[in-house]
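> Compute the structure for the input listed below.
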Amino acid sequence: MSADDRKWRFGVLSFTGTGHLNPLLALSQELKRRGHQVTFFERPKIEDRVRQAGLDFVPIRTEKFPPKRSAPSHNTGILADISKLRFNLARVRFEIEQYLKETPSALAAAGIDALLINEIALTGPSVAQLLGLPYFLIATTVPHHFGWIGRSRSGRPWSGSSWFSGHRSSTSWISWLESGYLELSALRTRGPIRRALDADRRKLGLGPVRTIPKDFPCLAHITQLPQCLDFEHVAQSAGIYYSGPWISTTARAQVEFPWDRIDGRPLIYATLGTTRNVQPSVFRMIAQACADLNLQLVIALGNRMDPELLAGLPGEPLVVRFAPQLELIKLARVVVSHSGPNTSFEALMEGKPMIVIPLAYDQPAIAARLEHFGIAEVLTFKRLSAYKLRAALTKVLKDSTYGQAAQKMRDKLRTVDGARRAADIISVEMEGYAARRQLILCADERCAGEQGSGQDKRGRQALHPGVSTIAR
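Got it, this is the predicted structure:
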């Protein structure tokens, strides 16, 4: 079978968060367009989204966290915060154990040839190694092994670690500690979560997590972060495949929106994502900043709260749970966001300047890049005020250099079809894998004919250096 005719069955180990799901759906659609079969293996909560995008889905019905270990109350205070921290760590450890139990059998039953593993799907490489499946690490944002760190134009360090960057969304020091602890434990795989994963791997006969890059490396590590948006010193030494934004209109859920209320004034679109709780006061500050400026503000809450709770905001902005983001960004003069990858990349594809308020995780790293290229004004969450928001908004609206920088980046990105480039990388690496596997099979047949002359193991390693276990 020629390379052009060969079709693969890909399994996707995603994440339920919208910021990860949307780009993975777009990439998967491109692979399906090429004739491959793509199946998501995740919790049932995203099944409708996946099937609406025309892709296959197998539910991983992980058991719920034991009721006797229910979430702590919403009480405030140090004891409540400590209880919440312990609960979240225990929940993550429980989910890792459940996924390691359920996912391998589901993948084997589906006859999957290779895996596309979201970088933060912690169990993914272990599952691939257990089954001997080739896999790709997929970063839907700034790859977290970069450290999620950069420097702004002023030389100030930015880091995805909220305690380092100052992007604290809570005044409670325990809540702050919780956020940092979970980031270190989960996203950087250190601490108690990594120890739990190592313990589960030992039960499966596998080595510790730190041995995966040597014992069972991925075929390629791919990010939708465009190289033209990365720091030069990082891009030169990354050892990673850059592509570009993976955006698909057909992968988005249909959203009802009161278009008749768009009145023709310059539009400001504001969203703070879906993954972290944001206090209503933040949206009030954004509304106060836009009031009396002859602007129309549209706020998308991301299902955080009922829009009725924000009734009576200054300037009477249009507030909705969900918005048709791609369409609204096209109309917007400025986009106000948390600098999440989806919103940031989508705004860049339309050449829109931004005001960003990074909260945690990868958001400060993206904010640093937007600021570095002169595309956005960056505000610190814990020092946020309506006055600072208004000053930043006025600056971005009046200073044409922000819009020019955004349009320059747009022109670069539009020459790159990110999903197609990523799919090309996957196709090339899969063909290389198939060729190496064929060589190994031929070598095994020759070795069998030589009655175990001692060349078998050494021959396999030479023909398939570093990944000999993949084709077992």
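
> Can you measure across stretch 306-321, start residue to end residue?
In stretch 306-321, first residue to last residue: 7 Å (Cα to Cα, to the nearest Å).

> Show me the shaky parts of the protein.
Along the chain, the model assigns pLDDT under 70 to residues 1-5, 62-82, 84-85, 145-191, 233-238, 275-277, 444-445, 447-472.

> domain parsing for the chain?
Annotated domains of the chain cover 9-248+418-463, 256-413 [automatic domain parsing].

> JSON lines please, covering those domains and showing mean neighbour count.
(Each C-beta comes from the backbone N, C-alpha and C, glycine too.) Below are the domains of the chain laid out as JSON lines (neighbours: other Cβ atoms under 10 Å):
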{"stretch": "domain 9-248+418-463", "mean neighbour count": "18"}
{"stretch": "domain 256-413", "mean neighbour count": "19"}
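
> Leaving out the residues flanking it, which one is nearest to Gly315?
In space, Gly315 comes closest to Ala291 once its chain neighbours are excluded; the distance is 3.5 Å by Cβ to Cβ, 6 or more residues apart in numbering.

> and what of Pro353?
Nearest to Pro353 is Tyr402, by Cβ to Cβ, 6+ apart, at 3.7 Å.

> show me what contacts the one you found?
Neighbour list for Tyr402: 353, 374-377, 395-396 [criterion: Cβ atoms under 8 Å, 6 or more residues apart in numbering].

> Where does it sit, in terms of helix or strand?
helix 400-413 (DSSP states H and E).

> roughly how far out does the helix or strand just after that helix sit from the chain middle?
For helix 400-413, the following helix or strand on the C-terminal side (DSSP H and E) is helix 418-449. Helix 418-449 has its C-alpha centroid displaced from the chain centroid by 28 Å (Cα atoms, centre = their mean, to the nearest Å).

> what's the answer for stretch 127-146, then?
12 Å.

> In this structure Arg410 contacts Ala347, no?
No. Judged on Cβ atoms under 8 Å, Arg410 makes no contact with Ala347 at a distance of 9.2 Å.

> Now do the shared contacts for those two.
With contacts defined as Cβ under 8 Å, 6+ apart, no residue is shared by Arg410 and Ala347.

> Let me see the contact set for Tyr135.
Per Cβ under 8 Å, 6+ apart, neighbours of Tyr135: 114-117, 124-125, 128, 218-219.

> Quick check: it vs Ile426, distance?
Remark: distance between Tyr135 and Ile426 (Cβ to Cβ, to the nearest Å) = 11 Å.

> Quick check: neighbours shared by these two?
Shared contacts of Tyr135 and Ile426 (Cβ under 8 Å, 6+ apart): Leu116.

> Out of the contacts of Tyr402, which is nearest to Glu431?
Among these, Ile375 lies closest to Glu431 (Cβ to Cβ), at 37.3 Å.

> hmm, back to that, will you turn the contacts of Tyr135 into a markdown table that also has distance to Arg390 and secondary structure?
Below are those laid out as a markdown table (distance: Cβ to Cβ, whole Å; DSSP: H, G, I helix; E, B strand; the rest coil):
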| residue | distance to Arg390 | secondary structure |
| --- | --- | --- |
| Ala114 | 51 | strand |
| Leu115 | 48 | strand |
| Leu116 | 43 | strand |
| Ile117 | 43 | strand |
| Gly124 | 44 | helix |
| Pro125 | 47 | helix |
| Ala128 | 50 | helix |
| Cys218 | 46 | coil |
| Leu219 | 49 | coil |
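
> Would you map the strands across the stretch 151-300 of the chain?
Assigned strands in the stretch 151-300 of the chain, in chain order: 157-159, 220-223, 241-242, 267-271, 296-300 (criterion: DSSP state E, counting those that start in this stretch).

> got these as a markdown table, with distance to Asp200 columns?
Formatted as a markdown table, these follow (distance: least, Cβ to Cβ, whole Å):
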| stretch | distance to Asp200 |
| --- | --- |
| strand 157-159 | 29 |
| strand 220-223 | 23 |
| strand 241-242 | 29 |
| strand 267-271 | 37 |
| strand 296-300 | 38 |
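
> How about the contacts made by the nearest residue to Val298 once chain neighbours are set aside?
Leaving aside its sequence neighbours, Val298 sits nearest to Leu318 (Cβ to Cβ, 6+ apart; 4.8 Å). Neighbour list for Leu318: 258, 261-262, 296-299 [criterion: Cβ under 8 Å, 6+ apart].

> make it 10 Å
Leu318 makes contacts with 257-258, 261-263, 267, 269, 296-300, 307, 328, as judged by Cβ atoms under 10 Å, 6 or more residues apart in numbering.

> and what of Gln407?
Counting by Cβ under 10 Å, 6+ apart, Gln407 makes contact with 348, 350-353, 375, 400.

> could you measure it against Pro353, distance?
Gln407 sits 9 Å away from Pro353, taking Cβ to Cβ as the criterion.

> what touches both of those two?
Shared contacts of Gln407 and Pro353 (Cβ under 10 Å, 6+ apart): 375, 400.

> show me the residues around Lys321 that make contact.
I think there's a mix-up here, since residue 321 is Arg and not Lys. Arg321 makes contacts with 255, 300-307, as judged by Cβ under 10 Å, 6+ apart.

> give me that answer again for 7 Å
Taking Cβ atoms under 7 Å, 6 or more residues apart in numbering, we find Arg321 in contact with 301, 303, 307.

> measure it to Asp215 for me?
Distance from Arg321 to Asp215, by Cβ to Cβ: 46 Å.

> go on, Val278?
The gap separating Val278 from Asp215 is 42 Å, by Cβ to Cβ.

> residue contacts, Ile212?
Applying Cβ under 7 Å, 6+ apart, one finds that Ile212 lies in contact with 125, 129.

> The contacts of Arg321 in strands, which ones?
Using DSSP state E, no member of these falls in strands.

> Closest to His338 out of those?
Leu301 (12.5 Å).

> Which residue, other than its chain neighbours, is closest to the closest one?
Among residues not flanking Leu301 along the chain, Arg321 sits closest, at 5.4 Å (Cβ to Cβ, 6+ apart).

> Any chance of the backbone angles for the one you found?
Dihedral angles of Arg321 (phi, psi; degrees, to the nearest 10) stand at phi -70, psi -60.
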